[in-house]
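# heads up, no residue letters with this:
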C-alpha cells in the first residue's frame, strides 16, 4: 500500500499546479462570477485541460482516455481545490463518465466517452431529490411503454446540469423511495420535450441545476446498465465522487492552511507578528494535524478504489468525513485568523470557505459519512 | 426568578464552607480511604452536620427538619464538592428521605425522618440494575403473597447501601423492565433474611453497594407510596438528585478551576510563570465560561424544583449535562496544566477528577441528559 | 429623580392624552393603512419635540428628562396606543450621546445632543484602521492642529453605515512621541466636505454594512474635540464597553417556559419548543417521534442547552450587579459566548438544510433559505467585530482571572 | 552491509539449524508445558551469545552484526520456531545503546554495550526534575568534578523503573555560568551506592511505574561521561526524539481489512470490526441492528475514523522518509496525536461502561473493568510524559510551520 506519489504522479501534480496557477487561479473563478457567466467556467480552458489528458484520465484508450485511475484524478482535483478551479471533473469525468464507462453498452460508450475525453461533452448525473443526500431516496418514476419509458419527477442539486449535453437520470422502474432495488439510469437529452433545466446559483459561484421531468420520453436504448439495477452503478459513482470531492477538500484545506500560516508570519498587531501569539500557534499546529490526516486518508482511499479493495467504501466514507471536518475547521480558523479582512469579498479566504461548505454538503456531510463508516465497520 | 443567594443562603454558604474546610477537607477523605474505613466517612461528623440542620434541610419541622428547599441543599452540596466531603446527602437526604417525605405514610415518616434529621439514620435507594442509568429498566420482582411481598433481584451502584439502615427498593409488582407503570417502592431491612449487601469500592473512595434480594419477605406496611405508582416517586427523586449532584459538580469545577488558576500564577517553567503562556490563558478563560454557565443553570434548576415549575425536569437535565461536561473539562484541563505532579496520588487534583467522573455517571451522564432535555423540549 | 406612584399615574394620564392628539391615525395601533412618509415624519417630530426619542436625557439637551420609571411608563403607553415608536440613529443615541453626556463640555452638549435626539444628524464611528484591528490603540490617522482646526489625514475601516452618515466621531492620533495610548484624541467632524472618500466594503455574505473611509486634509473644528487633547483613549474604552454589551445579547433560544411559573397549569405542561429543532423537523422529519437524525439532534440539544445556560448567566450577572455582589462575569465573556453561540447556530442550520442551504441567489431557493445562508456567512464576523474572540479571551485571562502578562 | 538473496537463504538455513539445537524444547512453538525459569535463562543466554538480543549492533559490542534483511530473517525464523524471543531492558537496547553507538567512545562501548545485550544491567533514565518538567534544560542536578570522579547532588523525577534498575544514564549540570543548554552533561553511574534514595511515586491510577530519585554526594566515574563535558544537550535531544517516536504508535484501531486486498474475496466482504464498538455492544446492545446509543456510536465512529487516518499518516510519513520526499510530518505530531487518541479511547470506554466502570478494587467488578478503569486514569498522563502536548504543539509551530518566537 503506497501512500506516496509515483514519479509520474509527481509530474502530473507539478503540471496541474503550474497550469491551474497560470490559467485558473482564484481570480479566474471570481471573473466568471462577477460577469454572471452563463456557463461558469471557460469551455476553451476545459478543452485545454482535456488536451493535457485530464478529462480522459480514467477512461480506456479506445475512447481517447489515458487509462489511469482515481489516484491520478485525485492529484488533479487537489490542485483544483487549491485554486478553486470550477471545472466539471466531478460531474463529467467521475460521475457521469464513470457511470457510462462502467454500465454503458459499447455503442453508448462510443457515443459519449470520446467527447468527454476531448472536453467537448459535459455530463450530469441527476439523482438527488431533496436537500439531504440519501442515496436511494428516489421517487422519480420511469413508466415503461411499448417503445421506451416516460420519466417524471424533479431533481435538485444536479452538478453542472445547466450546461450538460447529456443528463443521466436515476429513476424508479419499480419499488418505492428508499429501496435499493428498482432503480434504473437513463440517458436523457436535456433539450428534449418535457425536460426543464433550471440553473441555480450556489455560494461557491459554481452552477448546479434543478431538473423537472414531465413525462420525458426516452427510448429503450437510453437505458444505461441493467433495468432495476441502477443502484450498482450509483454506488460506484458515489464512492468515487465522494473520494474525488475529498481530494478537492484536501486541496482547499492545504491551501488555506498555508495561506493562514503565511499571514501569521506577516501580519503585525501590538507591535509583533501575530504568529508569535502562542494561542494562535497551538491552533495552527492542531490544524496542521488535521490537514496531515486528511491527506493520508485521501491518498489511501483513492488507491483503494483503483485496487478495488473490499474496504474501499468504508475508506471513502472515512475520507469524506475527515476531509469535510478538516476543511470546515481550517477555513473557519483561517478566516478568523485573517480578522476583518477575512470577512471581505476582496480577500480570497471567503471564497474557499464557501466552496468548502458546498463540497462538505455534496454527497453527504461528515455526519452522514461517519454513520456510514460505522455501519460498514459493523456497528 | 432570582439567581443570587438570599442573605440566609449566603450565611449558610459561609458556614458550610468554614465547617467543611475545617472538619472535612480533602485530606479527610484521603484518611478514610487510606485506612480502608468500613464506613467511608465519620458518623460523628455527620451527626454534627445534622446538628447544624443540614441533614434536615428539606424536611418538615414536625420531624426535626428545617423546612427549607433544594436551593439550600444546593448551597451545602456545592461546598461538599469543593471539599470532596463524602457525606450521605444524596442517598439519605435527597433520594431516600425525599421519597419517604413525598410518598410515606405518617407512620413511615415518623419512623424514619427524625432519625435522618438527627444524622442517625442512613437511607439508600436501590433502583439501578445495570451499569447504565435507565430509570424504569427494573426487573426486580415483588411477588404478592397473603401477608406481604417477596422481593427478588439484584441492584447495583446503591449509594451508601453498605451502611444504610433502611433500603428503599424499587421492584416490579407488574409489567416488564422498561415500563413506567408497575413499579413499587419497598422499605427493606438490609439485615433481613435473603438480603445480601455487598460493599463495593469506587474510584472516588466512596462506597456503594450491590444488593442481592433472594425472596426477601416484606410486610404490606413496607410499601412506600402507591402500589404500581412507584415511578412517580422515583421521578421526583431522580430530578432532585440530578440537580443535587450537579450542584456538587459545580463545587468541584469551581474549586479545581480556582486551584488551577492559582497554579498558573505560581508554577515557573522556561524562566516565567506558566500563566503567562497565551495558549493556557485562553484555555483558562474558556474554562471560566463553562464554570459560569454551570453555576447559573444549577441555581435556576434548584429554584425551579422548589417552585415546582413546569419546566423543572428539563432544567434538571440541562444542569446535569452542562455541569458534567464542565467538570470533565475542568478536571482534565486542571490535571494537564498541573503536569506530572497532577498525575500523582499525592496531589489532590486526581481525587477531584475521580469524584467528578463518578458524579458525571451518577443518574445519567451528559449524553443521557442532553437526550432527555431534547425530548422535554419536543424534539 | 424619584417618582411616586401617584405622580407616575398622572404622567400616564397625561401621556395618554398627548398620544391621542399627537400620534397620526395611520400609526395608531390596529390602523389598516400603512403610514405615509409624512405621517411618519409628523410622528417623529411629535416624539422628538418632547425629547422622547432619548427619554432619559436631560431636557436642556433635547431629551425627555424622564426617570427610569417614567421611561417605562412611556414605553408601555406608546406600545399600547401606537404601532411603533420612531427611532433615531443608534450611533447617536446609544454611542455618542452617552459619551457627550459624560465627557463633553456644555457647548458640545448643547450643539450636538438636540440634533441627535431629533434625528437630524446620522453619526458613524471612526475606530478601526487597516493596520489596527485588535490593536486599536496603534491607530495612525493623524490630526494636526492648525489654528482653530485640526487637519486630518488617514483612513478608517469597518465604519458601519459611513455611506449614510453625516458626521463621524473619530479616534485620531494627536501625539506621536508618547506611548501609543497617550497620544489619541476623540474628535467629531462633518463628513460632507472635500477630502472625505467613503467606499463600502463588500463582505463574503454579499452585504456591505461596513465602509472604508479615507481622509485627505479633512478639517475638524477644535471645539469639537471631546475630552482633553490626547485623552481620547479613556473615552474609547468606555465606548468599547458599550459596544461589547450590545453584542452580548443571548441568541434566540427555544423558549422561556422554564422562566415563567404558570399557576394552574396542567401537570403535564406542553413541551417548550426549540425554533432550531422545529426548523430541522421540517427538513428531516421524525423517527419514533424524535427528530430523525440523532447526531444532529444531539448538536441542537447542546446548542439549546448552552443557549439556555448562557441566558441564565446573563440574568444572574445582572442580578449580581444589582445586589452589589461583585462584578459578576465580565462583559468580555458575554461578547465571546454570544458570538460563538450564534456562529454555532448558523452552522447547525447549514447542516440541517443540506444542499438547500447552498443557494446564493435566484428563485430556485426560498427567500428564507437565502437569508439564512447569507446569515451564516455574516455570522463568521461575529467573533471578529467589536473585539475578536481572542481579544475577549485575553481580557478575561487578564482582568477576571488575573493571569500575569 | 548488503546481502544477496542466496546468502540470505544460507543464513536462514543456518539459523534454522541453530534454533533446533539452541532453543529449549519447552520454548519451541506448540510446546505444551510452560517454560521453566532455567529454560528461559538458557534461551536468553543462547540468543545473547550470538548477539541476537541486539541483532543489528556490531558484533564487537555484543550485537549480532546483522543487516536489516538478516534481522528480518532472524525475526521470521524465531517466530516460526519459538514461542517467543527473549527481550532485555528497553532502556538499554532502545535508548542508551543507540546513544552510546553514536556518541560514546570505544572504551564506553566496549564496557557497556555487551552488558546491555546480555541483559546483565538494567538501565533507567534520569531526565526530568521536580522543577524541570516541560523546561527540561533548566535541570539543577549538579555534577562537580573531583579527581577521576564527579560528585552528584540533586534529584530526578518520573524515572521509570528506577526501583528495578542497576545503573542510570543521567543529565546533570556541569556548568552554571553559561546559558542553560550549554552547561549540561550526559553521564552514567551505578545506582547501587550510598547516597542514592529511590522512592516510587504513586499515581492516580494506583500504579507506581515512576520513581523520584535523590542523589547525595553520589559518585560517577569521569570515564562514564558520554560525549564532551557540557555537550549533553545534543544527546538529550536525540534521546527525546527516540522517546517521542516510541510513544507515537497508533492505538488499537478496528481492523486492517482495508489495508489487505483479499484476492477472490466475496463481493460483500465481512464487515471489519471495531474493538471499541464490540465492547460497547456488550454493554449497550443493539437497536435496529445498530449500536443502541447514537451519540455514543458517533463518538466511537469518530475515534475509529481518526485512528484509521492517523495510522495511515504514520505509514505515509514512513514511506515519505524512505522515498526521500522530505521529512513528512513531525514526530511531535505523532506523539501529540497518539496521546490524545488514547485519552479519547479511554474516555469513550468510561462512557460505555457507565457505573460498571467506576470500580477501584474488589471482586464486585470484573478484572477487565478494573483494568480499563485504571487504564483510563493512567491515560491522563499520556499527554504529559515524554513532552506535554503543549510542548509538542510548540515544536510543531516552530519547527514544522516556522512560526516566529
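That came through, no problem. The structure displayed is predicted, hence computed values, not measured ones.
# host element of whichever residue of the stretch 301-405 of chain C sits closest to chain D?
Chain D sits closest to residue C:301 of the stretch 301-405 of chain C, with a gap of 9.3 Å, by CB to the nearest CB. The C-beta positions use only the backbone N, C-alpha and C, and glycine is treated the same way. Assigning secondary structure by DSSP states H and E places residue C:301 in helix C:294-322.
# Which strands and helices lie in contact with that helix?
Helix C:294-322 is packed against helix A:366-376, helix B:278-306, helix B:312-338, helix B:366-376, helix C:275-284, strand C:290-291, helix C:331-353, helix D:294-322, with contacts defined by 3 or more CB pairs under 8 Å, 6 or more residues apart in numbering or on different chains; DSSP states H and E.
# Could you pull up the residues touching residue A:13?
Applying CB atoms under 8 Å, 6 or more residues apart in numbering or on different chains to residue A:13 gives the contacts A:5, A:75, A:78, A:79.
# Tell me if I am right that it is in a strand.
No: under DSSP: H, G, I helix; E, B strand; the rest coil, residue A:13 sits outside any strand and is assigned helix.
# does residue A:350 count as helix, strand or coil?
Per three-state DSSP, residue A:350 ends up helix.
# From residue C:11, how far out is residue C:73?
6 Å (CB to CB, to the nearest Å).
# Sorry, wrong one. I was asking about residue C:141.
Using CB to CB, we find residue C:141 at a distance of 46 Å from residue C:11.
# quick one: which of the two has more around it?
Regarding residue C:141 and residue C:11, a neighbour count based on other CB atoms under 10 Å in any protein chain shown identifies residue C:141 as having more, with 21 against 18.
# Check the secondary structure at the nearest residue to that one once chain neighbours are set aside for me.
The shortest distance from residue C:141 to any non-neighbouring residue, by CB to CB, 6 or more residues apart in numbering or on different chains, is to residue C:154 (2.8 Å). Taking three-state DSSP as the rule, one finds residue C:154 in the strand state.
# Model confidence score at residue C:154, please.
Looking at residue C:154, its pLDDT is 97.
# swap in residue C:263?
pLDDT for residue C:263: 42.
# Likewise for the one 10 residues further on?
We note a pLDDT of 86 for residue C:273 in this prediction.
# And residue C:259, by the same measure?
pLDDT at residue C:259 comes out at 37.
# same check, this time on residue A:25
At residue A:25, pLDDT is 98.
# how about it, what does it touch?
Counting by CB under 8 Å, 6+ apart, residue A:25 has contacts residue A:83.
# That one and residue A:79: what is the separation?
Taking CB to CB, one finds residue A:25 at 11 Å from residue A:79.
# Show me the strands in chain A, by range?
A:123-126, A:141-144, A:148-159, A:166-172, A:183-188, A:195-202, A:207-219, A:223-224, A:268-269, A:272-273 (DSSP state E).
# For residue C:53, which of those strands is the nearest?
Distance to residue C:53, taken as CB to CB, is lowest for strand A:268-269 among those, at 38.4 Å.
# How many residues are close by residue C:105?
Neighbours of residue C:105 using other CB under 10 Å come to 13.
# Quick check: residue C:150 is in a strand.
Yes: under three-state DSSP, residue C:150 sits within a strand.
# what bridges to it?
With DSSP bridges as the criterion, residue C:150 is bridged to residue C:145, residue C:220.
# number of nearby residues for residue 124?
Going with chain A. Using other CB under 10 Å, residue A:124 is surrounded by 29 other residues.
# ah, no, chain C please
With other CB under 10 Å as criterion, residue C:124 counts 27.
# pretty sure it is in a strand, no?
Yes: applying three-state DSSP, one finds residue C:124 inside a strand.
# wait, it sits on residue C:162?
Yes: when contacts are counted by CB atoms under 8 Å, residue C:124 is listed as touching residue C:162 (4.7 Å).
# Need the residues touching each of the two.
What both residue C:124 and residue C:162 touch, as defined by CB under 8 Å, 6+ apart, is the set C:168, C:191.
# excluding its backbone neighbours, what's nearest the residue of the stretch 101-250 of chain A found nearest chain C?
For the stretch 101-250 of chain A and chain C, the shortest gap (CB to the nearest CB) falls at residue A:131, measuring 3.1 Å. Using CB to CB, 6+ apart and skipping residues adjacent in sequence, the residue nearest residue A:131 is residue C:356, 3.1 Å away.
# close enough to count as contact, that neighbour and residue C:365?
Yes: assessed by CB under 8 Å, residue C:356 is found in contact with residue C:365 at 7.1 Å.
# gap between residue C:56 and chain A?
34 Å (CB to the nearest CB, to the nearest Å).
# helix/strand/coil for that residue?
Under three-state DSSP, residue C:56 falls in the coil class.
# Now do it against residue C:74, distance only.
Between residue C:56 and residue C:74 the computed distance is 10 Å (CB to CB).
# which neighbours do these two share?
Contact criterion CB under 8 Å, 6+ apart; residues shared by residue C:56 and residue C:74: C:64, C:66.
# Which one's more surrounded, those two?
residue C:74 (22 against 15).
# count of neighbours near whatever residue of the stretch 201-350 of chain C ends up closest to chain A?
Nearest residue of the stretch 201-350 of chain C to chain A: residue C:204, at 3.3 Å (CB to the nearest CB). As a burial measure, residue C:204 scores 23 neighbours (other CB under 10 Å).
# now residue A:144
Here the number of neighbours of residue A:144 (other CB under 10 Å) works out to 13.
# Against residue A:184, how distant is it?
10 Å.
# what's the nearest residue to residue A:115 if we skip its chain neighbours?
In space, residue A:115 is closest to residue A:121, 3.1 Å off (CB to CB, 6+ apart).
# Start and end of stretch A:88-99, how far apart?
15 Å (CA to CA, to the nearest Å).
# So which residues make contact with it?
Stretch A:88-99 has contacts (CB under 8 Å, 6+ apart) with A:41, A:46, A:54-55, A:57-59, A:73, A:76-77, A:80, A:112-113, A:116, A:121-125, A:159-161, A:163-164, A:166, A:168, A:185, A:224-225, A:233-234, A:236-237, A:240-241, A:244-245, A:248, A:362.
# No further queries at this time; thank you.
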